[in-house]
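K.L.:
give me coordinates for this.
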Amino acid sequence: MTIFYIVLGVIVFCVVALLLTPNLFRPSVEAQRIFDVVKSERPDQRPIRGQEQVRTKLLGAATGLRMRLGLADNPRLRARMTSAGLNAKLYTDLFFAAQLLAPLAGVVAATLMPTSNTVMCVVAFGIAGYMAPDFWLNWKTTRRRKRIRRSIPDALDLMVICVDAGLGLDQALLRVGEELAFSHPDIHDEFVQVNREQRAGRPRLEAWQNLADRTEIEEFHQFVGMLTQTDRFGTPIAKALQRFSEDIRTKRRQRAEEAASKTKIKIIFPLVLCIFPCIFIVLLAPAVLNIMAGLKGMGQ
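P.N.:
Numbering: from 1, shown residues only. Next up, the predicted model:
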């Protein structure tokens, strides 16, 4: 019960601090003047659903809390969000709110559990609640990278076809992105981002290098190197793309063969621990019972 009262006191303190924060961290006169200038009074005519209203209120509360606490945007966190496909700023606020509320929820859940070692449960649940959003972000990033890596050979094959048909690399990029919008939406989003950067005036190699840094996929780094060599030595882009596509296909087949070879080793553990004991019981149990019955008859 002591831990429960401590946690309850911490929650009450946080609520009081949040109520007093607007007065303690009130913006200056200059900042308030800028807010008044950029504020729009135009009514929103678009119908807003209930789910969107709840999400907007939660995001507004998370953003206000982060700004009042003086926590600036973390560039590394923003890069991780971009790698996971979460480009909007609202996801950063959601991640911050999850890291703030999940430990409190874990601590409250630990105090309600019927256990003798409450302190260890509180510490474990608090740490787990704090690390859960980070694990979720890593999991989402890994899944997205796998989807993009799986779609790269198809995208390169379509790009080779478009370049052979007479399109330039930038036009082929747009065409391939449109064709893969439904089957591979992740690489479609990345191609659209590359096209936007090029239209904004960024050089082609720099835009592709940003794609490689954003996704952290080795194939894109190799593609940037191929484009650099093509521009430097004047190699035809169609032949370079075709050769690069063949290499990517070969590497994809080698990874599949490697994964198939690993299954022979991975299947040993469930085979020994789960299947073999059942087989031994089915085969040896009747014989053991007959032997025991025979020894019992001989004893009588």
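K.L.:
so where do the helices sit in this structure?
P.N.:
2-24, 29-38, 50-68, 75-83, 89-111, 118-164, 169-179, 185-199, 204-215, 218-233, 237-266, 268-270, 276-299 (DSSP state H).
K.L.:
buried ones in the shortest one?
P.N.:
Going by neighbour count (16 or more other Cβ atoms under 10 Å), nothing in helix 268-270 comes out as buried. Every C-beta, even on glycine, is put in place using the N, C-alpha and C of the backbone.
K.L.:
in contact with Cys162, which residues?
P.N.:
171-172, 175-176 (Cβ atoms under 8 Å, 6 or more residues apart in numbering).
K.L.:
columns mean pLDDT on top of the helices of the chain, output as CSV?
P.N.:
Shown next, in CSV, are the helices of the chain (pLDDT from 0 to 100):
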stretch, mean pLDDT
helix 2-24, 62
helix 29-38, 61
helix 50-68, 59
helix 75-83, 78
helix 89-111, 76
helix 118-164, 85
helix 169-179, 85
helix 185-199, 87
helix 204-215, 86
helix 218-233, 84
helix 237-266, 84
helix 268-270, 81
helix 276-299, 79
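K.L.:
still on that earlier bit, which of the contacts of Cys162 sit farthest apart?
P.N.:
Gln171 and Val176 (9.7 Å; Cβ to Cβ).
K.L.:
from Cys162, how far out is the residue most central in space within the chain?
P.N.:
By Cα atoms, centre = their mean, the chain has its centre lying nearest to Lys140, at 2.3 Å. Remark: distance between Lys140 and Cys162 (Cβ to Cβ, to the nearest Å) = 31 Å.
K.L.:
one more: Leu169?
P.N.:
Leu169 is 9 Å from Cys162, by Cβ to Cβ.
K.L.:
and for Val107?
P.N.:
Taking Cβ to Cβ, one finds Val107 at 56 Å from Cys162.
K.L.:
what of Val123?
P.N.:
57 Å.
K.L.:
now swap in Phe96 and tell me
P.N.:
Note on Phe96: its distance to Cys162, by Cβ to Cβ, is 42 Å.
K.L.:
same deal with His188?
P.N.:
Distance from His188 to Cys162, counting by Cβ to Cβ: 15 Å.
K.L.:
rewinding a little: need the buried ones from the contacts of Cys162 selected in ChimeraX.
P.N.:
Selection of the buried residues among the contacts of Cys162 in ChimeraX, burial being defined by 16+ other Cβ under 10 Å:
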select :172,175,176
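K.L.:
skipping adjacent residues, who's closest to Ala105 in space?
P.N.:
Gly129 (6.0 Å; Cβ to Cβ, 6 or more residues apart in numbering).
K.L.:
can you check Gln198 too?
P.N.:
Nearest to Gln198 is Ala207, by Cβ to Cβ, 6+ apart, at 5.1 Å.
K.L.:
dump the residue contacts of that neighbour.
P.N.:
Contacts of Ala207 (Cβ under 8 Å, 6+ apart): 194, 197-198.
K.L.:
quick one: which of these is most hemmed in?
P.N.:
Counting neighbours by other Cβ atoms under 10 Å, Val194 comes out on top of the contacts of Ala207 with 21 neighbours.
K.L.:
quick one: contacts for that residue?
P.N.:
173, 207-208, 210-211.
K.L.:
what about 6 Å?
P.N.:
207, 211 (Cβ atoms under 6 Å, 6 or more residues apart in numbering).
K.L.:
then the one 3 residues further on?
P.N.:
If you count contacts by Cβ under 6 Å, 6+ apart, Glu197 has them with Ala207.
K.L.:
from Gln209, how far off is it?
P.N.:
10 Å.
K.L.:
now Ile152
P.N.:
Ile152 sits 16 Å away from Gln209, taking Cβ to Cβ as the criterion.
K.L.:
next: Ala97.
P.N.:
On the measure of Cβ to Cβ, Ala97 and Gln209 end up 33 Å apart.
K.L.:
nearest spatial neighbour of the residue nearest to the centre of the chain, chain-adjacent residues omitted?
P.N.:
Ala84 (4.5 Å).
K.L.:
I figured that neighbour hits Thr141, correct?
P.N.:
Yes: assessed by Cβ atoms under 6 Å, Ala84 is found in contact with Thr141 at 4.3 Å.
K.L.:
surely the residue nearest to the centre of the chain meets Thr82?
P.N.:
No: contact status for Lys140 versus Thr82: not in contact, 11.8 Å apart, counting by Cβ under 6 Å.
K.L.:
state the distance from Lys296 to Ala287.
P.N.:
15 Å.
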